[in-house]
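**Q** would you be able to build a 3D model of this:
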Amino acid sequence: MARLPRWEPENPQFWKETGSAIAWRTCAITTFSLIFSFATWFVMSAVVVRMPAIGFKFTTMELFWLAAIPGLASGILRLIHSNFIPVLGTRPVVSISTIIKVLPMIWLGFAVQDLNTPWTTFMIIGFLCGMGGGDFSSFMPSTSIFFPKRLQGLAMGIQAGLGNFGVSIVQFVAPWIIGFAAIGTIAAGPQVFTKGDVVKGAITLTKGACTKDPATKKDVCVITDVVVNKPELASVIEVVKDANGKLKDVVLHETDTIKAIKPDVKKDANGVITEVVTTKGVKLDVVRNPAGEITDVTYKNVVKKGMWLQTAAFIWVPFLVVAFILSALFLRSVNVPARGFKGQFEILSSRNRARTHTWNCTITYICSFGSFSGYAAAFPMMIKTIYGGFDGAPDPLAYAFMGPLIGGAVRALTGGIFDKIGGSKGMHWTTLGQIAGAVYLVVSGALTPTGIEQFQGFLYGMLWIFLMTGINNAATFRQYPIVFAYSPAKGAQMLGWTGAWAAFGPFVWTSLVGMSIEKTGNANLFFVGVACFYAYSWLVNYWYYTRKGAERFDYGNSGGTWWDKLSDIEKDHMRQIDLHKA
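**A** Below is the predicted model:
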């Protein structure tokens with residue numbers, strides 16, 4: 001049957017004989033589905049960093065918006081999903097929300113194959129990709145309902161932690177899978193991928209007058225002279241000057257051994273590329289300002305090869321189908337006290353001070369998961385934008401998966417710890433760690449680098465923040481059901497509600513990082529602001545949940561909680577207030 005007639009996870013005998021097996025089966029299936037939900041949510045962040053290299057002419061800010069838009073959709077959809085489980089049940093919600101994500105994956109796979117696909121179309125697809133993040137607010141409430149309070153931190157930490165691996169999986173798998181012709185050609189042919197590396201020491205530029213570029217906020221200098229340093233390039237690079245010795249042009253001449261890069265492609269009768277033969281050559285880029293003056297010259301070794309970017313989207317379709325079948329066949333729903341969709345918003349009422357604690361939990365969850373998901377979406381573009389202009393620039397997708405991998409791993413591993421010591425203590429220390437990480441990135445100069453050697457410090461700083469947000473997030477899963485211990489339905493609703501607002505993280509973080517870089521030339525302003533927000537979140541958690549005598553303290557299974565300290569009469573009174581009977 002779709003709904004279980006009886007569910008008493010707090011009853012030791014029922015849990016041992018019946019509940020445990022069903023709960024862990026539900027957790028396993030929904031976790032499997034959640035992994036690929038997260039993969040579809042963040043697939044756009046992995047795709048956008050490759051789009052310029054295959055020929056899409058989008059601006060840096062437009063690419064940031066493409067990485068951000070799934071977060072806008074996921075936040076909106078989570079506000080809806082947060083109401084579903086108590087009303088509709090686990091089985092239909094998880095099953096339908098899983099299979100529907102096939103649509104944006106197929107659409108994205110076809111869209112990236114056409115260089116004429118407009119930016120607005122990708123924005124729509126990106127919005128639909130947000131469905132992969134929206135259903136998180138159904139997964140977490142479901143898990144909290146199936147498990148007793150003493151195991152909720154462990155179960156939800158495992159589910160959310162493993163689910164977060166979907167983020168690192170998509171960013172790790174994407175650069176690898178798009179190079180496989182055997183997989184890519186199942187759907188269509190390749191695109192021409194271009195990768196260029198500046199030849200160090202090939203030329204020396206002499207700079208003249210500089211002005212501030214209003215768009216990038218960076219100094220743009222007129223080049224007054226170009227010196228070719230390598231003898232073998234003397235006949236390749238010609239520096240052209242006028243009669244007065246003013247630099248007019250820099251020209252590339254091919255020789256028997258040095259050739260300009262050219263694509264080698266084969267097309268079918270309809271003009272569609274069917275094969276890309278890998279070619280190597282050189283390219284001389286000459287950049288001019290509106291007045292026609294040269295402002296930059298670079299000499300690069302270039303490789304053109306085939307890439308099947310559509311595979312980064314198509315690869316998730318079979319996994320979503322399998323997850324849908326498992327959900328439809330093996331999941332069950334639980335009857336919980338609920339008062340319809342309108343009743344779900346009673347977490348915003350003044351009864352039992354629900355509104356105050358809803359606000360507090362929302363702030364602290366944005367601090368933890370909002371940060372994690374926001375950095376996960378922004379990280380690839382941050383690497384590309386901040387360090388992509390240096391010689392030997394790092395490949396964003398070679399590093400971007402590390403952050404989500406670390407955050408997801410510690411999220412899964414530390415949930416049980418906070419069942420023992422309390423979620424509020426974990427949130428206390430990890431939020432301080434997040435503040436330290438943000439401050440380090442600003443004061444170390446890692447966000448305003450002068451050379452590629454600073455990338456290691458930037459990477460370690462970002463990975464530290466991912467570590468702290470992952471542990472912080474695990475602590476919240478223990479904390480929130482405890483805050484609303486008088487109502488399991490409200491505890492489940494709170495996990496969905498806070499998850500909804502935190503799901504705006506990718507949109508807010510990515511767009512604000514992009515705006516900070518666009519307006520000021522670097523991301524310092526964003527990290528100063530986020531450090532201030534973390535400080536506020538820390539204060540809220542300390543005052544209401546961590547300090548001695550806090551209103552709804554949680555010191556774990558060993559130290560007890562505010563609910564444990566209440567008498568049976570006090571507990572019953574709070575339940576009656578919650579049910580409008582007092």
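**Q** so which bits of the lengthiest strand in the chain are buried?
**A** The residue-count maximum for a strand in the chain (DSSP state E) belongs to strand 294-307. Within strand 294-307, the residues scored as buried using 16 or more other C-beta atoms under 10 Å are 294-295, 297-302, 304-307. From N, CA and C alone the C-beta is placed, and that goes for glycine too.
**Q** what stretches of the protein score poorly on pLDDT?
**A** Regions of the chain meeting the criterion pLDDT under 70 cover residues 1, 82, 180-187, 215-217, 336-345, 582.
**Q** show the subsequent helix or strand relative to the helix or strand containing residue 513.
**A** For residue 513, the element it lies in under DSSP states H and E is helix 505-520. Moving toward the C-terminus from helix 505-520, the first helix or strand encountered (DSSP H and E) is helix 524-541.
**Q** how close does residue 36 get to residue 385?
**A** Distance of residue 36 to residue 385, given as C-beta to C-beta, to the nearest Å: 29 Å.
**Q** name the residue in those two with the higher neighbour count.
**A** With neighbours defined as other C-beta atoms under 10 Å, residue 36 and residue 385 compare such that residue 36 has more, 25 against 22.
**Q** ok, and the closest non-adjacent residue to that one?
**A** Taking C-beta to C-beta, 6 or more residues apart in numbering as the measure, residue 36 lies nearest to residue 319, with 4.6 Å between them; neighbours along the chain are not counted.
**Q** show me what the helix or strand harbouring that neighbour is packed against.
**A** Assigned by DSSP H and E, residue 319 belongs to helix 317-330. Taking 3 or more C-beta pairs under 8 Å, 6 or more residues apart in numbering; DSSP states H and E as the contact definition, the neighbouring helices and strands of helix 317-330 are helix 20-48, helix 90-99, helix 102-111.
**Q** quick one: distance of whatever helix or strand comes next after that helix to the chain centre.
**A** Sequence order places strand 333-334 as the next helix or strand after helix 317-330, per DSSP H and E. Once both centres are worked out by C-alpha atoms, centre = their mean, to the nearest Å, strand 333-334 turns out to sit 31 Å from its chain's centre.
**Q** who are the packing partners of strand 333-334?
**A** Here strand 333-334 is seen to pack against strand 3-4, helix 90-99 when contacts are counted using 3+ C-beta pairs under 8 Å, 6+ apart.
**Q** strands of the stretch 51-200 of the chain, start to end?
**A** For the stretch 51-200 of the chain, the strands defined by DSSP state E, counting those that start in this stretch cover 191-198.
**Q** tilt between the longest strand of the chain and strand 191-198?
**A** An angle of 140 degrees separates the directions of strand 294-307 and strand 191-198 when computed by axes from the mean of the first three to the mean of the last three C-alpha atoms, to 10 degrees.
**Q** quickly run through the sheet partners of strand 294-307, with directions.
**A** strand 191-198 (antiparallel), strand 279-288 (antiparallel) (DSSP bridges).
**Q** picking up where we left off before, so which of the helices and strands packed on helix 317-330 gets nearest residue 368?
**A** The closest of the helices and strands packed on helix 317-330 to residue 368 is helix 20-48. By C-beta to C-beta, the value is 15.8 Å.
**Q** pull out the buried residues from that closest one.
**A** Those buried within helix 20-48 under the rule 16+ other C-beta under 10 Å are 20, 22-23, 26-27, 29-48.
**Q** distance from the chain centre to it, please.
**A** In terms of C-alpha atoms, centre = their mean, the centre of helix 20-48 is set 14 Å apart from its chain centre.
**Q** again with stretch 233-240
**A** On the basis of C-alpha atoms, centre = their mean, the separation between the geometric centre of stretch 233-240 and that of its chain is 45 Å.
**Q** gap between the two ends of it?
**A** 15 Å (C-alpha to C-alpha, to the nearest Å).
**Q** same thing with stretch 540-556?
**A** 19 Å.
**Q** what of stretch 434-452?
**A** Start to finish, the residues bounding stretch 434-452 are 25 Å apart (C-alpha to C-alpha).
**Q** pull out the buried positions in it.
**A** For stretch 434-452, burial by neighbour count (16+ other C-beta under 10 Å) applies to 434-438, 440-442, 446-447, 449.
**Q** got the contact list for that stretch?
**A** Under the contact criterion C-beta atoms under 8 Å, 6 or more residues apart in numbering, stretch 434-452 has outside partners 367, 371, 386-387, 390-394, 454-455, 457-458, 461-462, 464-465, 468-469, 472, 521-524, 527-528, 530-531, 534-535, 538.
**Q** mind checking which of those are buried?
**A** Among these, those classed as buried by 16+ other C-beta under 10 Å are 367, 371, 386-387, 390, 393-394, 454-455, 458, 461-462, 464-465, 468-469, 472, 521-524, 527, 530-531, 534, 538.
**Q** quick check: which of the helices and strands packed on strand 333-334 is buried the most?
**A** Among these, the stretch with the highest mean neighbour count (mean count of other C-beta atoms under 10 Å) is helix 90-99, at a mean of 22.
**Q** re earlier: which neighbouring elements make contact with the helix or strand that comes right after the longest strand of the chain?
**A** Proceeding C-terminally, strand 294-307 gives way to helix 311-314 as the next helix or strand, assigned by DSSP H and E. Using 3+ C-beta pairs under 8 Å, 6+ apart as the contact criterion, the elements in contact with helix 311-314 are helix 20-48, helix 102-111, helix 149-177.
**Q** turn those into TSV, columns for distance to residue 81.
**A** As requested, the helices and strands packed on helix 311-314 are arranged in TSV below (distance: least, C-beta to C-beta, whole Å):
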stretch	distance to residue 81
helix 20-48	11
helix 102-111	17
helix 149-177	14
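**Q** circling back: what helices and strands are in contact with the helix holding residue 513?
**A** Applying 3+ C-beta pairs under 8 Å, 6+ apart, one finds that helix 505-520 contacts helix 20-48, helix 60-81, helix 371-387, helix 524-541.
**Q** tell me the angle of the shortest one relative to helix 505-520?
**A** Angle of helix 371-387 versus helix 505-520, following the same axes, to 10 degrees, is 30 degrees.
**Q** which elements pack onto helix 371-387?
**A** helix 20-48, helix 60-81, helix 149-177, helix 396-399, helix 402-421, helix 455-483, helix 505-520.
**Q** what would these look like in TSV with distance to residue 125?
**A** Written out in TSV, the entries for the helices and strands packed on helix 371-387 read as follows (distance: least, C-beta to C-beta, whole Å):
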stretch	distance to residue 125
helix 20-48	8
helix 60-81	9
helix 149-177	15
helix 396-399	19
helix 402-421	21
helix 455-483	27
helix 505-520	15
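**Q** on that earlier part again, and of the strands paired with strand 294-307, who's closest to residue 98?
**A** Taking C-beta to C-beta as the criterion, residue 98 comes closest to strand 191-198 out of the strands paired with strand 294-307, the separation being 29.4 Å.
**Q** run the chain-centre distance for the closest one.
**A** Going by C-alpha atoms, centre = their mean, the spacing between the C-alpha centre of strand 191-198 and its chain's C-alpha centre is 26 Å.
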